[in-house]
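> return a 3D structure for these sequence lines:
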Amino acid sequence: MAQQQPQPCRVRTFRPRRNVLDELGDTKLIKRYRLDRAGIFFVTEMLRGALVSPTSRSMAISPEIKVVITLRYLATGKMQLYNGDDLRASQPSVSRVIVQTVELLASPAIATRFIKFPRTRQEIQQRQNEFMAISNFPGIVGTIDGTHIRIVAPKEYEEEYVNRKNYHSINTQIVFDAKYKILDVVANWPGSTHDARILRHSGLMRAFEYNVIPAGFPFPG
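Below you'll find the model as predicted:
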């Protein structure tokens, strides 16, 4: 019997991962990721403790690159095409990074730092003044509307998520101020739900009903 020759050990090689924050200026960063360098670092520092990989491998994805990957996905809806080619990350890695980072951004501890409806008379008056300055229309604190976020058909209660345009979605209620800042968001109702029902059951409605919002200010709707 012929003696089997030992197979040579394959050494796995890694190409250096690009550092787009060093390579690209703010104009290109904003075009690709919707934030400039300072904005990307701001988000990274806010999430850094939770984004640091529990591995000592030299090719672990840094918190900065995790944020960049996620921002690119949020800007384009594409998980792999750009990120995998330019940032040297595999499809499974990109998917895990996006899920991890989006869940952190959507956590109450983070979201409530930035999405807050004005509660004091001073805050409300400021929002009204800002709307008055751009529209000459008095008494406006925020503009409210619903938008449908397309989703993959869920396995349970699938028919409830089909909206009037015949695709699956989450019917999301959003309130903006005059500077396009989100003041309130409700994103937990299936696409078939009417806008009026979402408003009726929202925390915003209860805030007005129970005078959490100071009395004397009109409720939208």
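> next structured bit after the helix or strand of the chain with the lowest mean pLDDT?
Counting by mean pLDDT, DSSP states H and E, the chain has its least confident helix or strand at helix 81-87, which shows a mean of 56. Using DSSP states H and E, the helix or strand that follows helix 81-87 towards the C-terminus is helix 91-106.
> packing partners of that following helix?
Contact analysis of helix 91-106 by 3 or more CB pairs under 8 Å, 6 or more residues apart in numbering; DSSP states H and E lists helix 37-51, helix 63-76, helix 81-87 as its packing neighbours. No exception for glycine: its C-beta is placed from N, CA and C like everyone else's.
> bridged to the spatially closest residue to residue 165 that is not a sequence neighbour, which residues?
In space, and not counting its chain neighbours, residue 165 is closest to residue 148: 7.3 Å by CB to CB, 6 or more residues apart in numbering. Beta-bridge partners recorded for residue 148 (DSSP bridges): residue 171.
> quick revisit: point out the most buried one among the helices and strands packed on helix 91-106.
Comparing the helices and strands packed on helix 91-106 by mean neighbour count (mean count of other CB atoms under 10 Å), helix 63-76 ranks first with a mean of 22.
> residue ranges in the protein under the pLDDT threshold?
Where the chain drops to pLDDT under 70, the residues are 1-18, 55-58, 80-86, 214-221.
> mind giving me the domain ranges of it?
The chain breaks down by automatic domain parsing into domains covering 20-110, 115-209.
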